[in-house]
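Engineer: everything below, folded, please.
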Amino acid sequence: QVHIVESGGGLVQPGGSMTLSCAASGSIWNVYRMAWYRQPPGQQRELVAEIKSDDVPTYAHSVRGRFTLSRGNAPNTLSLQMNSLKAEDSAVYYCKIEGILGPPPTDAFNVWGQGTQVTVSS
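Structural biologist: Numbering: from 1, shown residues only. Down below sits the predicted model:
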């Protein structure tokens, strides 16, 4: 009922930049949280950045000052601008969206994107 399409990702050199985008579609009444997570090889998935209904993005300590999370111009879209990338930023990045199905408003949902690989290497 709700689908997420992620774009961006790929190979970038250390110090470079990359933008990830996420768009949700389907029977969406309201979105109250959008977030990017990442999972490095052999490690657990971790929260990178999130934005809730107050529109104030919050960031993991490891990316603060380098990554910028913003809502897109279209409804239910999200972008993650990543600057000054480091090798340790290499991971599969996942978009997650939480909200309410509708109209009319019914059940809550939380949906993950399929993931996109980001590799930072020279």
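Engineer: which residues does Trp112 bridge with?
Structural biologist: Listed by DSSP bridges, the beta-bridge partners for Trp112 are Lys96.
Engineer: residue numbering should commence at 39 henceforth.
Structural biologist: I'll keep to 39 as the first residue from here, and by that count the last item is Trp150.
Engineer: list the contacts for it?
Structural biologist: By C-beta atoms under 8 Å, 6 or more residues apart in numbering, Trp150 lies in contact with 42, 132-134. In this view, the C-beta of every residue, glycine as well, is placed from N, C-alpha and C.
Engineer: closest to the centroid, which residue in the chain?
Structural biologist: Trp74 (2.8 Å; C-alpha atoms, centre = their mean).
Engineer: assign it to helix, strand or coil.
Structural biologist: strand (DSSP: H, G, I helix; E, B strand; the rest coil).
Engineer: isn't it right up against Met120?
Structural biologist: No. Counting by C-beta atoms under 8 Å, no contact exists between Trp74 and Met120, whose distance comes to 9.4 Å.
Engineer: find the residues that touch each one of these two.
Structural biologist: Leu58.
Engineer: this protein: strands as residue ranges?
Structural biologist: 40-45, 48-50, 56-64, 66-77, 84-90, 96-97, 105-109, 115-120, 129-139, 146-150, 154-158 (DSSP state E).
Engineer: quick one: the last one to strand 40-45, angle?
Structural biologist: If I follow you right, that is strand 154-158. Per axes from the mean of the first three to the mean of the last three C-alpha atoms, to 10 degrees, the angle that strand 154-158 makes with strand 40-45 is 30 degrees.
Engineer: partner strands of strand 154-158 and their direction?
Structural biologist: Neighbouring strands of strand 154-158 in its sheet, by DSSP bridges, are strand 48-50 (parallel), strand 129-139 (antiparallel).
Engineer: what do you get for the longest one?
Structural biologist: With DSSP bridges as the criterion, the sheet partners recorded for strand 66-77 are strand 84-90 (antiparallel), strand 129-139 (antiparallel).
Engineer: good, wrapping up.
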